[in-house]
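A.B. asks: no FASTA, just this:
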């Protein structure tokens, strides 16, 4: 006997914050244009690396927005959860793009180490300062929403990396202006490339956890089991499964063995309501399904698998 506490498929984590992502996308694209022009005029590889990083971020945000739109399409008989997993696939693409960008930047930096060209530090510094200011604004826009969606968190981490990248370009420009050490530009580009990889790895790891249907972070399965067993009429619980469809949409299911006397119409409703209430206080989900089994059925099932 199944019981779905709620059949609503609410708006996804990314969809809730679509306007924030649109604002960040507009800011990022504007800065990318400025930094590309600055890199061409100044000859700075670090500035071009930062622009490339920000361009990949813009692509990631665009993918997230597209996925959020796709995820709002209704469920059907072929896709009973709709298209909500599109957001997770977008986050996967975002992580892979970040890895490719970092490898390309690092390879170019190594090629230029022995022959670092002279750069115009005034243009380089101005573009980097503008990029840092824009990234600070974007961070403030995304800060309150980054815990609710993989894609928003990915965008937040990317902007944070962009900010650190802008600081690296600023530092390189100052070093060149003061000491004339032209290789500082190439070194800064390598630093930017290395900063991208850990963020991409963490995002990729979170995406893989969702795709492998791992237990959501912070969920104590044993604690949930203990609270289910504490409900009157419950004898045992097995086949507990907890996973995530997409950001902000966790799902729970379990087979609950109850006393035969608890399977009357009124008693069944009472047990299911208590189970749903218990679960709701320890695991925030609208998608919980319980299969109630009488003790006699559970004993029969155990005998078959013996």
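C.D. replies: Arrived safely, thanks for sending. Just so we're clear, the structure is a prediction, and the values are computed from it rather than from any experiment. Residues are numbered from 1 along each chain as shown.

A.B. asks: what's the offset of stretch 159-174 from the middle of its chain?
C.D. replies: Centroid separation for stretch 159-174 versus its chain: 24 Å, with Cα atoms, centre = their mean, to the nearest Å.

A.B. asks: and for stretch 34-54?
C.D. replies: That offset, for stretch 34-54, works out to 27 Å (Cα atoms, centre = their mean).

A.B. asks: residues contacting it, please?
C.D. replies: 28, 31-32, 101, 104-105, 108-109, 112, 117-124, 126-128, 130-131, 158, 161-162, 165-166, 168-169, 172-173, 185-186, 188-189, 192-193, 196 (Cβ atoms under 8 Å, 6 or more residues apart in numbering). Heads up, the C-betas are built off the backbone N, CA and C, glycines and all.

A.B. asks: just the buried ones from those?
C.D. replies: Listed as buried from these are 28, 31-32, 101, 105, 108-109, 112, 119, 121, 123-124, 126-128, 130-131, 158, 161-162, 165-166, 168-169, 172-173, 185-186, 188-189, 192-193, 196; burial here means 16 or more other Cβ atoms under 10 Å.

A.B. asks: which residue ranges form the strands in the chain?
C.D. replies: 234-246, 249-258, 287-294 (DSSP state E).

A.B. asks: could you dump these into TSV and include mean pLDDT, mean neighbour count and distance to residue 56?
C.D. replies: As requested, the strands of the chain are exported to TSV (pLDDT from 0 to 100; neighbours: other Cβ atoms under 10 Å; distance: least, Cβ to Cβ, whole Å):
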stretch	mean pLDDT	mean neighbour count	distance to residue 56
strand 234-246	84	18	22
strand 249-258	85	21	27
strand 287-294	82	19	34
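
A.B. asks: same list as before, those strands that is, but in CSV and with distance to residue 90 included.
C.D. replies: Below are the strands of the chain laid out as CSV (distance: least, Cβ to Cβ, whole Å):
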stretch, distance to residue 90
strand 234-246, 10
strand 249-258, 15
strand 287-294, 21
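
A.B. asks: and of the ones you listed, who's closest to residue 177?
C.D. replies: Each of the strands of the chain has some distance to residue 177 by Cβ to Cβ; the shortest is strand 234-246, at 47.6 Å.
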